[in-house]
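**Student:** got a sequence here, can you build the structure:
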Amino acid sequence: MIRNTLPFTISKTDNFFDKLGDYIGDVFYDILPEKGYELRDEQIYMAYQIEQAFKNKDIVFAEAGVGTGKTFVYLIYAICYARYTRKPAIISCADETLIEQLVKEGGDIDKLEKALGLKVDVRLAKAREQYVCVRKLDKIVQQTIDPDIERVHDAIPDFVYDTSSSMQSFSPYGDRKEYPWVNNETWEKVAWDPLQQCATCDWRHRSGQTLNRDYYRHASDLIICSHDFFMEHIWTKESRKREGQMPLLPEASCVVFDEGHLLEFAAQKGLTYRFDPDNLTNALTGYSSQDVREETLYLIEEIIYLHDDWFKMLKDTSITIEGSNRREVVVNGQMKDIVEKLKSKVSDLLEQLVFDSELFTIDAYHVKIIEEYIEHFDYGLTIFLKEDSGIFWLEETEGQYTFVIMPRLVEDILKEEVFSQKIPFIFSSATLAQAGDFSYIAKSLGISKFDSFNVDSPFDYEEQMELQAKVSDNEIDKWNGIGKSLNSNNGGSLLLFASKEEMNRYRLWAEKQEWNFDLYYEGDKEISTLVRQFQTVENAVLCSYNLWEGLDVPGKALTQVIIASLPFPALDPVFQAKRKHADHPMNDVDIPFMLLRLRQGVGRLIRSRSDAGKIQLWMTTQQMDEHQQAIAQVMPTTIVYPN
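**Tutor:** Numbering: from 1, shown residues only. Below you'll find the model as predicted:
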């Protein structure tokens, strides 16, 4: 591997940070302006603030408004520091859309390379769900006539099925982006999911995610991943080492969290325990087929019986939640009794496994695998039974149920497993603080010592943005009002919804109307393909429930953002747990979340000094009465309310 050199000269007697500071000054005062980039005081201020974090290996919260050029700042420092330490920098983004903004043609890294004459070695580490599962695909293609699935199957490289081919002929494949024609629903049928048993899969060493993992691990400058993937790396690195596997990510020189305000949710998600009834049954049945003692066999039968009873009760009593794919679990005395009995039997089985292993009649590796699985299951049951320590729900996918347990608080684990490392951690976002206070986000992440700063956007929002509040207590009336606004603007709009269900209700109404422009809906295609299609058509409309962050569409393609509802969090188990433990749930949980997401949504409109347009913010009469003042305080310009 030939390492990229630093973009400035440094001798053995030079101080790296002195030379870096000189280079940063040249970049922002001379090089970028000569390439046509605007000289921004906000960007230069941010650069020298972030330098302190790298110099002292500290944690810094960098709240910088839209248009400050914060991405260029952290990229330059990350690249230089990676080359200096000879370890890649990790850029962790909120989602795949943000990743696309960095790496696409004409994106931030491409622009930086051209402006500074650099060649950046950047590689993507995507979540497992972003790769096709050949095992699932090979099975479903025999049973389907869906042409989209058949096209995916035809695109799989020949070496995957050719067992005589050598490892040297393997190359990365299987990224969702390679199949842009596939919608979300179809992709779930062929993509990796948590029910797949990769350790025993015949295609394990030829799978797309395995080959991509080997590729990105050798990056010399940047590895870009999602927050979800970064947290999965943190939670699994020790268990992977025990199993003789490499951690998902290599040792890093520094970590940048882009849209870092969303890291807590990713941390909770990454530390979840997922229980599928078939997985437990298959694992225990497979173990019982070994030469185990009769006492162990009886225990296994009792565990499977109790487990089946528990899942039946979960399915019968759980409640559907709009705006979430999670079903609320109602815990009663009978369910607790079953789980307590189940945990007792599982604890007994763990003791029996010790005796079984000492008999030397069962393969030691097989005993180790089942022991780790049962320990994982036992710990999940402990969280379930311990008062206020877990959040749990039931997920249903095509008739299959998975029970999910998540720890309520993650700050202690994050403090120990992540922020105890003595490397620079940079949090970057336009929305990190609450009324200028960073302590809320710091506490939720287990961070006690940090630096912080705030840089306002350089844009003139009073001149560039018209912000209107719209009030309606009837959804059809609201759809009609939104329709008029779309027509009067001749498309060119982003339509943001509070939930997937709300977007689907609008879609049912919109499909009965006549439009002179195209309407694109999140989920119909791979998201970066959909965004790119929207960017290239000036009068299209993009409908989404996720693109509150990360979407960057400057110019005439986007001149109007319509927020269909105030983005309050759903009645989701995670937020219900937060509400339960808050002194004032509305003020401490719901309103802060809504205002933060609202600020992000409004920020999609003005992406450059030449942009201009309108924001429409829809709410009910009650919401306007209750939240008008709080919303006005966080908006970048004056809100015009209806007469």
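**Student:** drop to CA atoms for contacts and neighbour counts, all remaining ones
**Tutor:** Will do.
**Student:** and the residue nearest to residue 16 when sequence neighbours are not counted, how far from residue 20?
**Tutor:** In space, and not counting its chain neighbours, residue 16 is closest to residue 10: 7.1 Å by Cα to Cα, 6 or more residues apart in numbering. Using Cα to Cα, to the nearest Å, residue 10 is found at 9 Å from residue 20.
**Student:** repeat for residue 55
**Tutor:** According to Cα to Cα, residue 55 stands 10 Å off from residue 20.
**Student:** mind checking pLDDT for residue 250?
**Tutor:** On the pLDDT scale, residue 250 is placed at 92.
**Student:** quick one, what contacts it?
**Tutor:** Residue 250 makes contact with residue 217, according to Cα atoms under 8 Å, 6 or more residues apart in numbering.
**Student:** need phi/psi at it.
**Tutor:** phi -80, psi 170 (degrees, to the nearest 10).
**Student:** I'd like the distance between it and residue 379.
**Tutor:** Taking Cα to Cα, one finds residue 250 at 28 Å from residue 379.
**Student:** before we move on, what about residue 90?
**Tutor:** Separation of residue 90 from residue 379 (Cα to Cα): 31 Å.
**Student:** quick one, helices of the stretch 451-600 of the chain?
**Tutor:** 461-464, 475-488, 500-510, 527-535, 573-580, 585, 591-602 (DSSP state H, counting those that start in this stretch).
**Student:** avg pLDDT for the fourth one?
**Tutor:** pLDDT averaged over helix 527-535 equals 88, rounded to a whole number.
**Student:** and that helix, how far from the chain's centre?
**Tutor:** Put simply, helix 527-535 sits 19 Å off its chain's centre (Cα atoms, centre = their mean, to the nearest Å).
**Student:** and for residue 95, the neighbour number?
**Tutor:** Look at residue 95: counted by other Cα atoms under 10 Å, it has 22 neighbours.
**Student:** residue 152 too?
**Tutor:** Applying other Cα under 10 Å, we find 22 residues neighbouring residue 152.
**Student:** neighbour count for residue 55 and residue 20, which is higher?
**Tutor:** Between residue 55 and residue 20, counted using other Cα under 10 Å, residue 20 has the larger neighbour count: 21 against 14.
**Student:** quick check: the more buried one vs residue 71, distance?
**Tutor:** From residue 20 across to residue 71, the span is 17 Å (Cα to Cα).
**Student:** residues touching the closest residue to residue 135 other than its chain neighbours, list them.
**Tutor:** Nearest non-adjacent residue to residue 135, counting by Cα to Cα, 6+ apart: residue 203, 7.1 Å away. Applying Cα under 8 Å, 6+ apart, one finds that residue 203 lies in contact with 134-135, 160.
**Student:** residue 90 and residue 379: who's more crowded?
**Tutor:** Neighbours were counted for residue 90 and for residue 379 using other Cα under 10 Å; residue 90 has more, 30 against 12.
**Student:** now for the closest residue to residue 464 other than its chain neighbours, how many residues are close by?
**Tutor:** With sequence-adjacent residues excluded and distances taken as Cα to Cα, 6+ apart, residue 464 is closest to residue 612, at 4.5 Å. The burial count assigned to residue 612 is 21, neighbours taken as other Cα under 10 Å.
**Student:** and residue 612, how far is that from residue 606?
**Tutor:** Using Cα to Cα, residue 612 is found at 6 Å from residue 606.
**Student:** mutual contacts of the two, please.
**Tutor:** By Cα under 8 Å, 6+ apart, the residues touching both residue 612 and residue 606 are 464-465.
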